[in-house]
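Visitor: this one's structure only:
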């Protein structure tokens, strides 16, 4: 299986979890590639949007911002071609220690965008950055998504 990990991260928190996830894939000797989504300062345009052709599996990694997925990740998902036949996992990082502060809503929003592109939403994980259990949640997210 060939996996694309598509990451949007402003502070580096989401990126750090995605990099650990990639290491887990590599440790299993699976083919995984990490792509960073970049945007303009106003988060209204996406630059360096990767093509997902040739990948069987995709992981979308983004922070929750304002009770929603980060705007650039939403733009990326709206602009990409089809996800037909691809399973897509969702990895969120969130400052608040509770999923109901936007995490649950963000999962639903991203899942709808995946379905709209004919993708198959699969596994999900949320890491609450302000939680005392952040490291435990990170480790669990990696196990849930990569194992």
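Guide: Looks like it arrived, so ask away. Only a predicted model underlies this, so the values are computations on that prediction, with no experimental measurement involved.
Visitor: just want the most central residue of the protein.
Guide: residue 61 (1.6 Å; CA atoms, centre = their mean).
Visitor: list the contacts for that residue?
Guide: Taking CB atoms under 8 Å, 6 or more residues apart in numbering, we find residue 61 in contact with 5-9, 14-15, 17-18, 21, 91-93. Heads up, the C-betas are built off the backbone N, CA and C, glycines and all.
Visitor: and of these, the nearest to residue 125?
Guide: Distance to residue 125 across the contacts of residue 61 (CB to CB) is lowest for residue 91, with 5.2 Å.
Visitor: part of a strand, is the closest one?
Guide: Yes. Assignment of residue 91 by DSSP: H, G, I helix; E, B strand; the rest coil places it within a strand.
Visitor: if we can go back for a sec, turn the contacts of residue 61 into TSV, columns for distance to residue 44.
Guide: Compiled in TSV, those are given as follows (distance: CB to CB, whole Å):
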residue	distance to residue 44
5	24
6	19
7	19
8	14
9	18
14	20
15	21
17	25
18	23
21	28
91	24
92	21
93	22
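Visitor: what about these, which are in strands?
Guide: Counting by DSSP state E, the part of these found in strands is 5, 6, 7, 91, 92, 93.
Visitor: understood, closing this out.
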